[in-house]
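**Q** structure of the sequence below:
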Amino acid sequence: MDSSGVIKQFLGDESFPIEWESDEEKELFWFFDDLHCPQPLSPMYFDIGGWWLTCDHMFRRFGTPFAVDWVAKNVNGYLYTAAIPPDPDVRVDAMEYGYRYVPRVPKDDPNYAAEMGAYLNAVLPVYGEHFADWWEKRLVPEMKRNFAYLEEKIDNWQDISLMEWATILEDAIDIHDRHWKIHWMLNFAQLSATLNLEATVREVRGEVDQDLLGRLQNSAKDRNWDSIEALWRMKEEIVADEELSAIFARETGVDVMAALQASERGRRFIEERLRPYQREFGWHAVWSHEFIFPTRFEQPEPILEVIKGYIETDYDYPSRVEELRRDIEEASRQLLEGLEGEDLEKVRRANEINLKMAPLTPDHHFYIDQGTNAHLRVVLICIGRKLVEAGYLDEPDDVIYLRYNELRRFMADPENFTFTTQKVVIVPRSGSSTCSWVGTPSTGQAPRGGRMTLPQTWQRSPRIFRWAMPRRKREVAWPAVYVYSSRAGVRMLRTGSRSRRRSGRTSPLMPRPPRRRRRARSRRCR
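**A** Below you'll find the model as predicted:
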């Protein structure tokens, strides 16, 4: 790998030790992903859930000259990722799905980086022009079919055998792979539409009003607004009903849910309003990428908290969305103001494409970042439920603290499976934060035009996780689970103790599975 142009290097120290697999790994620029995964990584997510797993497809499809793959590294429990430059000499081992993986680089093509950009520049406008139609007519129907298949299985989880769930998990992983490939196509298409509008305005006017262009990236009709409208309609029904108003005056979403379940009117609200909302809009969690956090489909209390907020603020969806729609129209008028003839048509056409793409930002979050990962999580939870039902686990989400191949071996032979891998115990240092980057940033790895701007916060005090290995497979220390507080009621486990702190909430769509008496010889884990 070309080491010229090294800007800085940090390979760890006593306060933030880093285990490097090779010298080649040290030469990459690894940065902390606080956008997608600011929280500690679960073992299962790191194996099968990562956004980086399909980046090689993205770079190959678009012919990017600045990178050909993207790899991930677990550094002290946090996610760090690095782009792989299109250098035929790069040899860096990585991991995907629990297997060693060598990132793809051009073979016998030393001119790839210098010459492939012409293809990217030529093909990108086609995506910008047509992708909105592909999305609506072909890709969204495909994703909806995939979700319908998984949800039919989830609804009937009790009737499906454990090893059939093993096949459904593979289907869910394949769906995750496909949807994230769509995600990256959309990202590049969106980039193309935005850059084309900016370039066209600059060509015609000589300067660009960035605030104006920012207003034109908004959308007044998308799946996010659909969700908000559904919440607002529930709020309107509640304020018009004396009994429901009294129920929603309770302090927390947990209190509201209990009161709804205790009232005939409340149960009807759950059946007619809450359950349909969970089914359509509940496929996301507080941190949507990770598998650790329960989805709104599983736990409705966060939905009720939002509705309470709408009631307390008298939120008015129609006026808010109309205000935004008028602002987009006004920004479009200002964009074209004073233009005539060919210049007018060029800018108008570029903005037309841009506005068609604008809803796809919230929509792809709905279907992919949130929806796809949430469906994969709930498939894992269904497997956990089967293992709880059989007496091998205490809680369904224990499966998320296993590695992918650990889970498969456990499902195949739970009586004789021995847990051998390390489990994470989080020990955050009070008032500290992670390092923003590690490794070796250099101009040769710069993803955009050879320029690299280092984060200004890289010298912050590091935060690490300590790793603990259970001494015996029956020890209560497995799984050694993340220990931190959460307003969402995330459970707390401590090694050497059976104590658990949970919210105790269950969803009307995902009831707690029945517990069976454990067999005396069961190699269960707590």
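
**Q** ranges for the helices of the stretch 51-200 of the chain?
**A** With DSSP state H, counting those that start in this stretch, the ranges of helices along the stretch 51-200 of the chain come out as 55-62, 112-115, 117-134, 140-155, 162-205.

**Q** need the contact list for residue 59.
**A** 67-70 (CB atoms under 8 Å, 6 or more residues apart in numbering). For the C-beta atoms, the positions are set from N, CA and C on the backbone; glycine is no exception.

**Q** convert the C-alpha atoms of stretch 353-363 to PDB, please.
**A** Coordinates of the C-alpha atoms in stretch 353-363 are reproduced here as PDB (Å, rounded to 0.1, in the frame of the first residue of the first chain):
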ATOM      1  CA  ILE A 353     -35.400  15.700 -10.900                       C
ATOM      2  CA  ASN A 354     -34.100  16.900  -7.500                       C
ATOM      3  CA  LEU A 355     -37.700  17.300  -6.100                       C
ATOM      4  CA  LYS A 356     -38.600  13.800  -7.300                       C
ATOM      5  CA  MET A 357     -35.600  12.400  -5.400                       C
ATOM      6  CA  ALA A 358     -36.100  14.400  -2.200                       C
ATOM      7  CA  PRO A 359     -38.700  12.100  -0.600                       C
ATOM      8  CA  LEU A 360     -36.400   9.100  -1.100                       C
ATOM      9  CA  THR A 361     -34.100  10.300   1.800                       C
ATOM     10  CA  PRO A 362     -36.800   9.600   4.500                       C
ATOM     11  CA  ASP A 363     -38.300   6.800   2.500                       C
END
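
**Q** any buried residues in the helix or strand residue 255 falls within, and which?
**A** According to DSSP states H and E, residue 255 maps onto helix 253-262. Going by neighbour count (16 or more other CB atoms under 10 Å), the buried part of helix 253-262 is 253-260.

**Q** Throw those residues into CSV and include pLDDT and distance to residue 200, thanks.
**A** What follows is the buried residues of helix 253-262, written out as CSV (pLDDT from 0 to 100; distance: CB to CB, whole Å):
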residue, pLDDT, distance to residue 200
253, 96, 47
254, 96, 52
255, 97, 54
256, 97, 51
257, 98, 51
258, 97, 57
259, 98, 56
260, 98, 53
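
**Q** and which of those residues is nearest to residue 360?
**A** residue 253 (31.1 Å; CB to CB).

**Q** so what's that closest one up against?
**A** For residue 253, counting by CB under 8 Å, 6+ apart, the contacting residues are 300-305, 308.

**Q** switch to 10 Å and redo it
**A** Residue 253 makes contact with 299-308, 505, according to CB atoms under 10 Å, 6 or more residues apart in numbering.

**Q** let's see which of those end up in helices.
**A** Among the contacts of residue 253, the members found in helices (DSSP state H) are 301-308.

**Q** any chance of JSON lines for the residues you listed, columns pLDDT?
**A** Shown next, in JSON lines, are the ones in helices among the contacts of residue 253 (pLDDT from 0 to 100):
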{"residue": "301", "pLDDT": "97"}
{"residue": "302", "pLDDT": "96"}
{"residue": "303", "pLDDT": "97"}
{"residue": "304", "pLDDT": "97"}
{"residue": "305", "pLDDT": "97"}
{"residue": "306", "pLDDT": "97"}
{"residue": "307", "pLDDT": "98"}
{"residue": "308", "pLDDT": "97"}
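
**Q** which one of those is nearest residue 286?
**A** Closest to residue 286, out of all of the ones in helices among the contacts of residue 253 and judged by CB to CB, is residue 302, at 7.5 Å.

**Q** and the gap between that closest one and residue 379?
**A** Distance, residue 302 to residue 379, using CB to CB, to the nearest Å: 21 Å.

**Q** walk me through the domains of this structure.
**A** Split into domains by automatic domain parsing, the chain comes to 1-112+430-463, 223-281+299-315.

**Q** element containing residue 208?
**A** Applying DSSP H and E, one finds residue 208 in no helix or strand.

**Q** does it really touch residue 197, like I thought?
**A** Yes - using CB atoms under 10 Å, residue 208 is in contact with residue 197, at 9.1 Å.

**Q** and these two? Which one has more around it.
**A** For the pair residue 208 and residue 197, the greater number of neighbours falls to residue 197 (25 against 14), based on other CB atoms under 10 Å.

**Q** what about residue 215, neighbour count?
**A** Neighbourhood size, residue 215 [other CB under 10 Å]: 17.

**Q** can you pull the contacts of it?
**A** 209, 324, 327-328, 330-332, 334-335.

**Q** residue 407 touches residue 386, doesn't it?
**A** No - in this structure, residue 407 is not within contact of residue 386 by CB under 10 Å, at 11.7 Å.

**Q** could you name every residue contacting both of these two?
**A** residue 399.

**Q** thinking again about what came up before, ok, and what's touching the helix or strand following the helix holding residue 255?
**A** Next helix or strand after helix 253-262 toward the C-terminus (DSSP H and E): helix 264-269. By CB under 10 Å, 6+ apart, the residues outside helix 264-269 that reach it are 234, 237-238, 241-244, 247-248, 256-261, 263, 274-275, 508.

**Q** how about stretch 310-321?
**A** Stretch 310-321 is contacted by residues 219-221, 225, 228-236, 238-239, 244-245, 248-249, 306-307, 309, 322-323 when judged by CB under 10 Å, 6+ apart.

**Q** could I get the helices of the stretch 51-200 of the chain in a markdown table, plus columns for distance to residue 286 and mean pLDDT?
**A** Shown next, in a markdown table, are the helices of the stretch 51-200 of the chain (distance: least, CB to CB, whole Å; pLDDT from 0 to 100):
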| stretch | distance to residue 286 | mean pLDDT |
| --- | --- | --- |
| helix 55-62 | 25 | 96 |
| helix 112-115 | 40 | 94 |
| helix 117-134 | 30 | 95 |
| helix 140-155 | 20 | 98 |
| helix 162-205 | 20 | 97 |
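
**Q** next, format those as TSV and append distance to residue 20.
**A** Converted to TSV, the helices of the stretch 51-200 of the chain look like this (distance: least, CB to CB, whole Å):
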stretch	distance to residue 20
helix 55-62	22
helix 112-115	26
helix 117-134	32
helix 140-155	38
helix 162-205	28
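
**Q** between those, which one is nearest to residue 100?
**A** Short answer: helix 55-62, nearest of those by CB to CB, at 15.0 Å.

**Q** only alpha carbons, please: show stretch 409-416 as CSV.
**A** The C-alpha coordinates for stretch 409-416 follow below in CSV (Å, rounded to 0.1, in the frame of the first residue of the first chain):
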residue,chain,number,x,y,z
ARG,A,409,-24.3,-24.3,16.1
PHE,A,410,-26.4,-23.7,19.2
MET,A,411,-29.6,-24.1,17.2
ALA,A,412,-28.4,-27.4,15.7
ASP,A,413,-27.3,-29.0,18.9
PRO,A,414,-28.2,-27.0,22.0
GLU,A,415,-27.7,-29.9,24.4
ASN,A,416,-24.0,-30.2,23.6
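
**Q** just how off-centre is that stretch within its chain?
**A** Distance, stretch centre to chain centre, for stretch 409-416: 29 Å (CA atoms, centre = their mean, to the nearest Å).

**Q** before we move on, what about stretch 402-412?
**A** 23 Å.

**Q** how about it, which residues are buried there?
**A** Quick answer for stretch 402-412 (16+ other CB under 10 Å): 402-404, 406-407, 410-411.
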